[in-house]
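Asker: give me a 3D structure for the following:
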Amino acid sequence: MRLEPLYQREREQAVHSGEQRLVLRLLNRRIGEIDTSLIERIKGLSIEQLENLGEALLDFSSVADLETWLNQQLI
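Answerer: Numbers count the residues shown, from 1 in each chain. Below is the predicted model of the structure:
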């Protein structure tokens, strides 16, 4: 029985979870507390989308910027 795919999936989930936490912390620091509905939308993003959001948030000045960015994503 090969367990590699299971370990790989767990590793990917851990990376994804870590990226979510980091992006949420950066967003909170950049634009303040984020509404629960926006947090749920962020948790639905892929790793690639989270990485893109991590870069984009450097240009955000308000929650409206985050909402605009999320609305442009295919989620």
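
Asker: elements contacting the lowest-mean-pLDDT helix or strand in the chain?
Answerer: Sorting the helices and strands of the chain by mean pLDDT, DSSP states H and E puts helix 4-31 at the bottom, at a mean of 87. Judged by 3 or more Cβ pairs under 8 Å, 6 or more residues apart in numbering; DSSP states H and E, helix 4-31 is in contact with helix 36-43, helix 47-56, helix 63-72. Where C-beta positions appear, they are placed from N, C-alpha and C, glycine not excepted.

Asker: compare those helices and report which one is nearest to Gly18.
Answerer: Relative to Gly18, the nearest member of the helices and strands packed on helix 4-31 by Cβ to Cβ is helix 47-56, separated by 9.7 Å.

Asker: contacts for that closest one next, please.
Answerer: Defining contact as Cβ atoms under 8 Å, 6 or more residues apart in numbering, one finds that helix 47-56 is touched by 12, 15-16, 19-20, 22-23, 26, 42, 45, 69, 73, 75.

Asker: quick check: Asp65 vs Leu24, distance?
Answerer: Distance from Asp65 to Leu24, counting by Cβ to Cβ, to the nearest Å: 15 Å.

Asker: and the furthest pair within the contacts of helix 47-56?
Answerer: Glu12 and Trp69 (23.7 Å).

Asker: so for the two, which residue has more residues nearby?
Answerer: More crowded of Glu12 and Trp69, by other Cβ atoms under 10 Å: Trp69, with 16 against 11.

Asker: I'd like the distance between that one and Leu27.
Answerer: 10 Å.

Asker: just the buried members of the contacts of helix 47-56?
Answerer: Buried members of the contacts of helix 47-56, counted by 16 or more other Cβ atoms under 10 Å: Glu19, Gln20, Val23, Ile42, Leu45, Trp69.

Asker: with adjacent residues omitted, what lies nearest to the last one?
Answerer: The reference is to Trp69. Nearest non-adjacent residue to Trp69, counting by Cβ to Cβ, 6 or more residues apart in numbering: Ala56, 5.5 Å away.
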